[in-house]
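J.: what would the 3D arrangement of this be:
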Amino acid sequence: MTQDDTPVATPTAMLPLAGLAMEVRNLSRAAPDTDNSTLATAEIVFTTGAGVQRYDWQRDRLYLEELAVEPGCIRLERLQRGAPLLNTHGNHNLNQILGVVENPLIANGVGTCTATFSRREDVAGYVQDVADKIIRNVSVGYARHKMEMIAPAIDGGMWTYRVTDWEPMEVSLVPIPADMSSQVRAAGENAKQPADPLNLRTFACEIIETRSAGTQASAATRVSPTVGITAATSTQKENSMPGNQAAGGNATPATPEQDAAARAAADAQTQALQAANQRAADITELCQRHGAPAIASALIREGKTIDQARAAVLGELAARDAASGGHRNVRIETVTDEMSTRMAGIEQAITHRVAAGTKLDDNGKQYRGMSLLELGRDFLEASGINTRGMDRLALATRMLHHRSGASMGTGDFSSLFANVANKRLRNAYEENPGTYDLWARRAPNAPDFKNIQVTSLSGAPELLQTNEHGEFKYGTMADGAETYKVITYGRIVSLTRQAIINDDLRAFDRLVSAFGNSSRRLENRLVYAQITANAALSDSVALFHATHANLGIGAGSVLALAGLTAARLAMRTQKGANAESLNIAPSYLIVPSALETVAYQLTSANYVAAKQSDVSEFRSGGRTSLEPIVESLLDETSATAWYLAANNGQIDTVEYCYLDGAEGPMIESEVGFEVDGISYKCREDFATKAIDYRGLYKANGA
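T.: Here you go, the predicted model:
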């Protein structure tokens, strides 16, 4: 309703069934020799929501009736339970039932249902006529429960009666789509008079009448709100329009001027009707296309133009977007082409062959039993390359050098092997952890290869007593700095073309696994070199030195309860840069393989001391328990030296880091010219450095 429209009345009228001609399609007949199948089925369109021109006998005027085809506007219970399929709306005996209609569906502004014909012999002829397209017309009888009467926007225009609550009651096959009331109207009765109400089944219909504020209601529109009994056909309307007399009467001849005026009025009404229908259809399609069908009826009823409807739809979408948190109407769709899917399946199959624990999906399973050359032939054929008659050597060369149209780098198969190699390399790298990461601290990734400076601050200065009206004294925090930088390590090996022809993936797997193992050994060796090399720190003093009070020598440094007690005491009494007490407790006992048994005896919870002096608080569960770490690299330097390390969350000890974006070893591949095959370069960017001596202790053990 626009701002200029005002509701006039909402009375209730008793209206009979109305008829609407629709369409039969998709007739399907059973075979003649089948006894258990239905005779025939068809699909029926029982509503499209299009306007139908009818005549209001009570008000003596034409009107356009529109059915709202929206959720909540159509009562589908009768069709869902099964409504009758009748012979020309006959309702006097059971022989007039031709079948049943059911399974209603409302979609895209169209209502459909299915019709199942009876197997009776007297129905077979109707089925044959439908199949032969002799009978084409269908009429749907429906009850109107709520109707809006909308006044025309211009004087002399056509009213619109919009039915917003209606109920399909039955479907009929008819010779001519006609007004249902013509079947019960008495012969010779004045066409302007409704049929006897006692012979009609009527239904309560709420009437809502709206008109423009400036339009005055005429006497004809102020009468009882009863709408005409039923819809009238165009033929009936012509014969029973006001001013015409019943058959056999004398009609008053019209002047030429009156005929021209009547034709002009009829043309104007037709054009207005067509424009209204087109506007309603455009608004309905616009709202459905953008997922807002619920607002279509209101826009049509309020007389909105198509531009105003577009603005309303945009407003509705914006309101939904804001209610869901904003920017919800943006859709990201990932599309994968066929070649990428094929490459992913081949890669998965090769990975499964080198690592049997890899799971295969349906894409990878189709390539599981194929050799490398078979995989290459399948890939080249899919790329449009004819491999018929190509020998194994030429096939291997072609598959290694082939590059798809979108690829500007290395060949597709070499890149595929590189992806498999990186996955297998990562698995081998993670399956062989070093012991250094148990006690050393991982630092944030380095952004580049420049020097990394690590500043270690002392503890805060001691608080001093301040008397009343006394001044607070300044304190200082001393610091130290250690620097190191990321270094690149790498090696190149090759997977030969002979290995590809021989389908020798074990050589490929051993090559890649060896890279993973050697990368982990490299990291382990570099971290432990920080304590075995005993290099000088930024204060020009060796990491383990008497000046740092973290070096045990002589007989008292042997790995035993007494040696551990002395080492713990040395760490407890370490001082910070401002001579503050740190009270550091050791957490890890790092020993070479030669001292493994002794280390486990001193830290085992199963050790039971014979006397009190032999009780070890370094055991698991003790107050200063130690976690033993055995590293064979230490045997290369000394079989008697052992170390204590504090938890790196308490104080810095040794830290390590990777180059940002290259955590661990990485593999790159290239189809070689000098080397007959694929060359693989394994590279790792890694750095490590001892940061602070206070959290570390070394005992020479002799």
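
J.: partners of whichever strand or helix holds G111, with directions?
T.: Under the criterion of DSSP states H and E, G111 resides in strand 110-117. Strand 110-117 sits in its sheet next to strand 40-47 (antiparallel), strand 97-107 (antiparallel), going by DSSP bridges.

J.: now W159: phi and psi?
T.: Per-residue torsions, W159: phi -70, psi 150 (degrees, to the nearest 10).

J.: who does it bridge with?
T.: Y63.

J.: OK, contacts around it?
T.: Counting by CB atoms under 8 Å, 6 or more residues apart in numbering, W159 makes contact with D56, R61, L62, Y63, L64, M149, I150, A151, P152. No exception for glycine: its C-beta is placed from N, CA and C like everyone else's.

J.: going by distance to H290, which of those wins?
T.: I150 (24.7 Å; CB to CB).

J.: how about G376: what's its closest non-neighbour residue?
T.: Excluding the flanking residues, the one nearest G376 by CB to CB, 6 or more residues apart in numbering is M399, at 3.3 Å.

J.: okay, now the unreliable bits of the stretch 201-350 of the chain?
T.: 201-204, 210-254, 326-337 (pLDDT under 70).

J.: give me the beta-bridge partners of A662?
T.: L659.

J.: which ones are touching it?
T.: Applying CB under 8 Å, 6+ apart, the residues near A662 are R683, E684, D685.

J.: got the angle between the biggest helix by length in the chain and strand 97-107?
T.: Longest helix in the chain by number of residues (criterion: DSSP state H): helix 256-289. Calculated by axes from the mean of the first three to the mean of the last three CA atoms, to 10 degrees, helix 256-289 forms an angle of 60 degrees with strand 97-107.

J.: contacts only, for I531.
T.: I531 touches L543, F544, I590, Y643, V654, A690, L696, K698, counting by CB under 8 Å, 6+ apart.

J.: just the buried subset of those, written out for PyMOL, thanks.
T.: Applying 16 or more other CB atoms under 10 Å to the contacts of I531 leaves a buried subset, and the PyMOL line that selects it is:
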select buried, resi 543+544+590+643+654+690+696+698
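
J.: now, which of the contacts of I531 sits nearest V52?
T.: V654 (88.9 Å).

J.: pLDDT wise, what is that closest one at?
T.: pLDDT, V654: 92.

J.: about what we covered before: and which of the contacts of W159 is nearest to T466?
T.: For the contacts of W159, the nearest to T466 is I150 (88.5 Å; CB to CB).

J.: list the beta-bridge partners for the closest one.
T.: The partner residues for I150, given DSSP bridges, come to T160, T210.

J.: residues in contact with it?
T.: Residues near I150 by CB under 8 Å, 6+ apart: W159, T160, Y161, R162, T210, R301.

J.: quick one: A428 and R521 touch, right?
T.: No. Contact between A428 and R521 fails when scored by CB atoms under 8 Å: they sit 11.6 Å apart.

J.: between those two, which is the more surrounded one?
T.: With neighbours defined as other CB atoms under 10 Å, A428 and R521 compare such that A428 has more, 21 against 13.

J.: any idea how far I500 is from the closest residue to that one other than its chain neighbours?
T.: Computed as CB to CB, 6+ apart, the closest residue to A428 that is not its neighbour in sequence is G516, at 2.8 Å. Look at G516 and I500: by CB to CB, to the nearest Å, they are 22 Å apart.

J.: circling back: what's the most buried one of the strands paired with strand 110-117?
T.: strand 40-47 (a mean of 20; mean count of other CB atoms under 10 Å).

J.: thinking again about what came up before, buried ones in the longest helix of the chain?
T.: Per 16+ other CB under 10 Å, helix 256-289 contains these buried residues: Q269, A272, L273, A276, R279, A280, A281, I283, T284, L286, C287.

J.: how far does the helix or strand just after that helix sit from its chain's centre?
T.: Per DSSP H and E, the first helix or strand lying C-terminal to helix 256-289 is helix 296-301. Distance of helix 296-301 from the chain centroid (CA atoms, centre = their mean, to the nearest Å) equals 33 Å.

J.: can you check stretch 123-130 too?
T.: Counting by CA atoms, centre = their mean, stretch 123-130 comes out at 51 Å from the chain centroid.

J.: export only the CA atoms of that stretch, formatted as PDB.
T.: The C-alpha coordinates for stretch 123-130 follow below in PDB (Å, rounded to 0.1, in the frame of the first residue of the first chain):
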ATOM      1  CA  VAL A 123     -11.900 -43.500 -18.400                       C
ATOM      2  CA  ALA A 124      -9.700 -45.100 -21.100                       C
ATOM      3  CA  GLY A 125     -11.200 -43.000 -23.800                       C
ATOM      4  CA  TYR A 126     -10.400 -39.800 -21.900                       C
ATOM      5  CA  VAL A 127      -6.800 -40.900 -21.500                       C
ATOM      6  CA  GLN A 128      -6.500 -41.700 -25.200                       C
ATOM      7  CA  ASP A 129      -7.900 -38.200 -26.000                       C
ATOM      8  CA  VAL A 130      -5.400 -36.600 -23.700                       C
END
